[in-house]
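Student: coordinates only, sequence not included:
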């Protein structure tokens, strides 16, 4: 049987990784994949089963012909139940809308992160080397340094705690 199902042609792992999907979207796709595979397996099993019944064979085997005749008449008058698939289709459409909404939200978050990372990368690429920075450049980048220095000077402290341990005593040079 040649099935034209899009679910069969999808590389599910590639879909989630290439689109960067996470959370509910991935869970929803995995649940859909599982339901699809289960339905295909059940359909294949049902299609492999024989669909005809040889009532003459059973009439020759069983003594009670009335039971075989009754089963045969019920079998011939049996009409399979038809189902309205509208409810299931609406549920699938609702799932699709939710999945698209989640995918768009994920895309927006990823786009924001990418813009932020690009900005950070540009800052890193355009930054001057550390040995070319001046005290004024550092103070402009972090104004709290000037405030802390002013506090230390106002209290009569001229040295920064831990400086001598880290860089050595420059007063002996």
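Tutor: Done, it's in. Bear in mind that the values here come from a model prediction, so they are computed numbers and not experimental data. Numbering: from 1, shown residues only.
Student: quick one: buried residues of the helix or strand hosting residue 75?
Tutor: Per DSSP states H and E: residue 75 is located in helix 65-77. Under the neighbour-count criterion of 16 or more other C-beta atoms under 10 Å, helix 65-77 has residue 68 buried. Bear in mind the C-beta positions are built from the backbone N, C-alpha and C, glycine included.
Student: change the start of the numbering to 29 and stick with it
Tutor: Taking 29 as the first residue, the last one we looked at is helix 93-105.
Student: mind giving me the packing neighbours of that helix?
Tutor: helix 83-89 (3 or more C-beta pairs under 8 Å, 6 or more residues apart in numbering; DSSP states H and E).
Student: residues making contact with the helix it packs on?
Tutor: Residues outside helix 83-89 that contact it (C-beta atoms under 8 Å, 6 or more residues apart in numbering): 93, 96, 99, 100, 103.
Student: what does the helix holding residue 103 rub up against?
Tutor: The contact list for helix 93-105 (C-beta under 8 Å, 6+ apart) reads 81, 83, 86, 87, 90.
Student: so what does the last one have for phi and psi?
Tutor: Pointing back at residue 90 there. Residue 90 adopts backbone torsions of phi -100, psi 150, taken as degrees, to the nearest 10.
Student: could you find the closest non-adjacent residue to it?
Tutor: residue 96 (5.8 Å; C-beta to C-beta, 6 or more residues apart in numbering).
Student: likewise for the first one?
Tutor: What sits nearest to residue 81 in space, not counting adjacent residues and going by C-beta to C-beta, 6+ apart, is residue 103, at 6.3 Å.
Student: how close does that neighbour sit to residue 80?
Tutor: For residue 103, the distance to residue 80 (C-beta to C-beta, to the nearest Å) stands at 10 Å.
Student: who touches both of those two?
Tutor: Residues touching both residue 103 and residue 80 (C-beta under 8 Å, 6+ apart): none.
Student: below-threshold pLDDT in this structure: ranges please.
Tutor: Within the chain, the stretches with pLDDT under 70 are 29-36, 185-186, 198-201.
Student: which secondary structure element is home to residue 181?
Tutor: helix 172-182.
Student: nice, that's everything, thank you.
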